[in-house]
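Engineer: could you work out the structure for the sequence below:
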Amino acid sequence: MNKEIDPWDVYSWKKYHAAQQPEWPDEASLELAIQDLRQQPPLVFAGEVRSLKRQLAEACEGNVFVLQGGDCAEEFKTSGADPIKQKLKIILQMSVALTFGTLKPVLKIGRIAGQYAKPRSRPTETVNGVELPIYRGDAVNKIEPTLQARTPDPKRMLRAYQQSASTINLLRAFTHGGFADLRRVNAWNVDFVKNSKLGHEYQQIADEITRALSFMKAFGLESKHYKQLYQVDLFTSHEALLLEYESALTRQDSLTGDWYNCSAHMLWVGDRTRQLDGAHVEYLSGIKNPVGVKLGPSFNPDELAPLINELNPHNEPGKIMLITRFGANKIRDLLPALIHRVKKGGFEVVWSCDPMHGNTFMSPTGYKTRHENTIPGGIHFEFTGDNVTECVGGSDNIQYDELAKGYLTACDPRLNATQSLEMAFIISKMLQEG
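Structural biologist: I've put the predicted structure just below:
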């Protein structure tokens with residue numbers, strides 16, 4: 001489609017094929033939900049998005065390390081204050097360990113406050129001999145295996161908005177109200193090291209961080225005097241999947257005239273929806289938010305340059321994050337070709353590794369899992385603050401026959417709190433050792 005003849009607008013994506021969209025049974029109900037969403041206040045603001053983009057531009061230069069993580073698929077029932085606090089706690093703990101390992105600021109981006117929809121490999125599934133619509137996330141339908149529960153309901157997008165608003169408000173309070181105090185976070189890490197079965201592996205890092213904080217205190221550099229030591233910025237992100245939802249929450253900035261998606265600071269396009277001639281790329285090409293692009297084994301390297309040019313025609317630093325998800329067994333073979341294309345094109349991108357996707361397999365006991373010990377390193381991951389048993393391995397040495405004890409995910413398996421922190425300390429140690 002010729003962009004000069006057909007310029008971008010909030011709904012120009014409707015001229016393209018939109019993959020992975022629910023089959024809404026009632027157009028009238030859908031329109032009512034969309035109209036309601038259009039009237040709602042923004043969840044994030046243009047100035048915050050610009051701040052994120054500036055920090056991502058620093059990451060392009062290697063001056064900032066990006067940590068992005070959270071649930072595979074958020075659920076309404078687990079979006080209360082305590083689960084949110086536990087997820088934030090893990091991000092804060094990981095960021096301290098990674099800051100020490102990189103000696104760089106760690107940019108914290110949560111997969112939170114909006115990750116209520118998921119792409120699926122098939123539209124239906126058979127449960128007890130009955131074919132049902134597939135579960136597409138709480139913003140679309142319910143996970144219970146009944147026809148009524150699985151029928152897409154547009155009103156659930158409104159619930160997703162409301163839950164996202166509550167989550168963001170709580171995150172703002174926690175990150176600026178003392179919960180993120182550096183000394184408090186370090187005390188959590190010291191506790192973790194003390195109680196971890198592999199604590200001796202991380203003891204040196206924990207001791208050195210504690211010593212550095214004591215040194216700062218001796219010079220009067222206490223948290224209460226410096227907001228950088230007790231306040232943090234946490235940005236939100238989710239997959240831009242439900243285009244009706246994202247369009248309804250797209251706003252024009254009164255200062256610049258630019259268009260911003262106001263449902264999250266950053267969005268990403270998935271491995272199943274990044275078609276160059278698809279509706280998702282069309283929509284994301286017109287907003288100013290940073291955009292992540294998930295790249296899996298099926299991606300054709302020859303499509304990378306056209307895709308980046310479409311999403312970021314002015315090669316603006318901080319706009320594009322390439323999130324590789326090849327799996328430990330394929331990354332050495334597939335990643336170099338992409339790096340070559342980026343260097344050849346002179347593209348300004350942030351490289352991010354997703355060590356979770358591409359590493360799932362079916363356990364002998366029938367559960368989809370990941371081997372925590374195969375993670376080669378990365379900064380985009382899926383975790384939960386709950387004591388789940390969804391990924392085998394780690395210091396607790398979770399076995400296949402233990403997965404059923406705490407397999408609670410609504411979609412893909414996640415690291416639990418202990419496994420997440422172990423990963424952060426391992427990466428920190430690797431970075432220190434070069």
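Engineer: which strand or helix spans the spatially most central residue of the chain?
Structural biologist: Within the chain, one residue has its C-alpha closest to the average C-alpha position: by CA atoms, centre = their mean, that is R111, at 3.3 Å. Secondary structure here is read from DSSP states H and E; on that basis R111 sits in strand 106-111.
Engineer: hmm, back to that, isn't the residue nearest to the centre of the chain right up against L67?
Structural biologist: No: if you go by CB atoms under 8 Å, R111 and L67 don't touch, sitting 11.0 Å apart. For the C-beta atoms, the positions are set from N, CA and C on the backbone; glycine is no exception.
Engineer: so where's this protein uncertain?
Structural biologist: By pLDDT under 70, the weakly predicted segments of the chain are 1-5, 198, 201, 223-226, 327-328, 355-379, 384-414, 434.
Engineer: quick check: E74 vs G110, distance?
Structural biologist: Per CB to CB, to the nearest Å, E74 is found 10 Å from G110.
Engineer: list the strands paired with the strand holding R111, with their directions.
Structural biologist: The strands that strand 106-111 pairs with in its sheet are strand 65-70 (parallel), strand 234-239 (parallel) (by DSSP bridges).
Engineer: distance from the last one to the middle of the chain?
Structural biologist: When distances are taken as CA atoms, centre = their mean, to the nearest Å, strand 234-239 is centred 6 Å away from the chain's centroid.
Engineer: same thing with the first one?
Structural biologist: Averaging C-alpha coordinates over strand 65-70 and over its chain gives two centres that are 7 Å apart (CA atoms, centre = their mean).
Engineer: what's it in contact with?
Structural biologist: Under the contact criterion CB atoms under 8 Å, 6 or more residues apart in numbering, strand 65-70 has outside partners 56, 59, 87, 90-91, 94-95, 98-99, 102, 104-112, 115, 237, 321, 350, 352, 379-383, 420.
Engineer: restricting to C-alpha, output the helix or strand following that strand in PDB.
Structural biologist: Past strand 65-70, further along toward the C-terminus, the next helix or strand under DSSP H and E is helix 81-102. As requested, C-alpha coordinates have been extracted for helix 81-102 and formatted as PDB (Å, rounded to 0.1, in the frame of the first residue of the first chain):
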ATOM      1  CA  ALA A  81      -1.600  -5.700  45.600                       C
ATOM      2  CA  ASP A  82       0.600  -8.600  47.000                       C
ATOM      3  CA  PRO A  83       1.300 -10.300  43.700                       C
ATOM      4  CA  ILE A  84       2.200  -7.000  42.100                       C
ATOM      5  CA  LYS A  85       4.500  -6.100  45.000                       C
ATOM      6  CA  GLN A  86       6.200  -9.500  44.700                       C
ATOM      7  CA  LYS A  87       6.900  -9.000  41.000                       C
ATOM      8  CA  LEU A  88       8.200  -5.500  41.600                       C
ATOM      9  CA  LYS A  89      10.400  -6.800  44.400                       C
ATOM     10  CA  ILE A  90      12.000  -9.400  42.000                       C
ATOM     11  CA  ILE A  91      12.700  -6.700  39.300                       C
ATOM     12  CA  LEU A  92      14.300  -4.500  41.900                       C
ATOM     13  CA  GLN A  93      16.500  -7.300  43.300                       C
ATOM     14  CA  MET A  94      17.600  -8.300  39.900                       C
ATOM     15  CA  SER A  95      18.400  -4.800  38.800                       C
ATOM     16  CA  VAL A  96      20.700  -4.300  41.800                       C
ATOM     17  CA  ALA A  97      22.600  -7.400  41.000                       C
ATOM     18  CA  LEU A  98      22.800  -6.500  37.300                       C
ATOM     19  CA  THR A  99      23.900  -2.900  38.100                       C
ATOM     20  CA  PHE A 100      26.800  -4.300  40.000                       C
ATOM     21  CA  GLY A 101      27.700  -6.700  37.300                       C
ATOM     22  CA  THR A 102      27.500  -4.200  34.400                       C
END
